[in-house]
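Engineer: fold the stuff below for me.
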Amino acid sequence: MELDSVVPWGRSFEEYQAMFGLSEDDLNKRILASFNAETTGRGCQITSCDPVFQFQPEEIRRRIDDVYPEIMAKLQQGAENYIWDSLGSVEQLGQVRMRAMSKFLSDFEIGLQEGRYVSASLPALPFPDSKFDLALCSHYLFLYSDHVDGAAHLASMRELCRVAPEVRVFPVVSLDGKTSKYLDQVMTALSADGIDVSLQPVSYRFQKGATEMLVAKSV
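Structural biologist: Residues are numbered from 1 along each chain as shown. Just a heads-up that it's a prediction; the model follows:
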């Protein structure tokens, strides 16, 4: 993996809570998720995995600084594809994202030492079966349906279901705001595996069309 292929883009704890419908009971579980610094500070048991964790903090910081102006320009150009009720404007969104990434960077080294950040990527995770109670996947599966094929989607979902009895994925639309072309086939295959799958509404609103999460529970 090359760092120049990565586009770091953090989100706030409040956003994650809304996009996954997280209750206080959920936050008391062993969770595999991308948000870590804020939730660890709240006493939660969070492990995060991402291939970007193989790089040094300063390398990641430089990459964030490099891509930030480009991302902001694209958001300005495509502002009509988003709902700005809660985030206000592109500028305010940028401030939220940079605060989240700063919190991550300030926590990264100690989190690595504590084993909270693990360099890994789907569809193969270095965790034993049922290591977690809940696995959350945001803004990767289904969103990038033009970049990740159907086989990789299904293999990734099966792997997430292996390491946690409950998996939540948000969003289930691709970058164009339309339901992912892989959603039906993934849900059908998981159901055939004996996994209970459903689409559930969430309160989070930002990308137009992104109003549901996929929930997969091993029964």
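Engineer: quick one, what contacts residue 118?
Structural biologist: Under the criterion of CB atoms under 8 Å, 6 or more residues apart in numbering, the contact partners of residue 118 comprise 47, 48, 49, 53, 126. Just so you know, the C-beta spots here come from the backbone N, C-alpha and C atoms, and that holds for glycine as well.
Engineer: let me fix that, I meant to ask about residue 218.
Structural biologist: When contacts are counted by CB under 8 Å, 6+ apart, residue 218 touches 161, 165, 166, 194, 195, 196.
Engineer: scan the chain for its longest helix.
Structural biologist: Counting residues, the longest helix found in the chain (DSSP state H) is helix 90-113.
Engineer: nearest residue to the middle of this structure?
Structural biologist: The structure's the chain has its C-alpha centroid closest to residue 138; by CA atoms, centre = their mean the separation is 2.3 Å.
Engineer: just to revisit the earlier point, so after the longest helix of the chain, what's the next helix or strand?
Structural biologist: Sequence-wise, the next helix or strand beyond helix 90-113 is strand 117-118, with elements assigned using DSSP states H and E.
Engineer: can you list the strands that that following strand pairs with?
Structural biologist: Under the criterion DSSP bridges, strand 117-118 sits next to strand 45-49 (parallel) in its sheet.
Engineer: what sits up against the partner strand?
Structural biologist: The set of residues that contact strand 45-49 without belonging to it, under CB under 8 Å, 6+ apart, is 29-36, 39-40, 111, 115-121, 125-127, 132.
Engineer: from residue 158, how far out is the residue lying farthest from the centre of the chain?
Structural biologist: If you look at how far each residue of the chain sits from its centre, by CA atoms, centre = their mean, the farthest one is residue 192, at 25.4 Å. Computed with CB to CB, to the nearest Å, the distance linking residue 192 and residue 158 is 11 Å.
Engineer: between those two, what contacts are shared?
Structural biologist: Counting by CB under 8 Å, 6+ apart, no residue touches both residue 192 and residue 158.
Engineer: ok so, going back, could you tell me which of the contacts of residue 118 count as buried?
Structural biologist: Members of these that pass the buried threshold by neighbour count (16 or more other CB atoms under 10 Å) are listed as 47, 48, 49, 53.
Engineer: how much space between the residue nearest to the second one when sequence neighbours are not counted and residue 13?
Structural biologist: On the basis of CB to CB, 6 or more residues apart in numbering, the spatially nearest residue to residue 48 that is not a chain neighbour turns out to be residue 36, at 4.5 Å. For residue 36, the distance to residue 13 equals 10 Å [CB to CB].
Engineer: likewise residue 118?
Structural biologist: From residue 118 to residue 13 the distance is 20 Å (CB to CB).
Engineer: and if you look at residue 177?
Structural biologist: Taking CB to CB as the criterion, residue 177 is separated from residue 13 by 25 Å.
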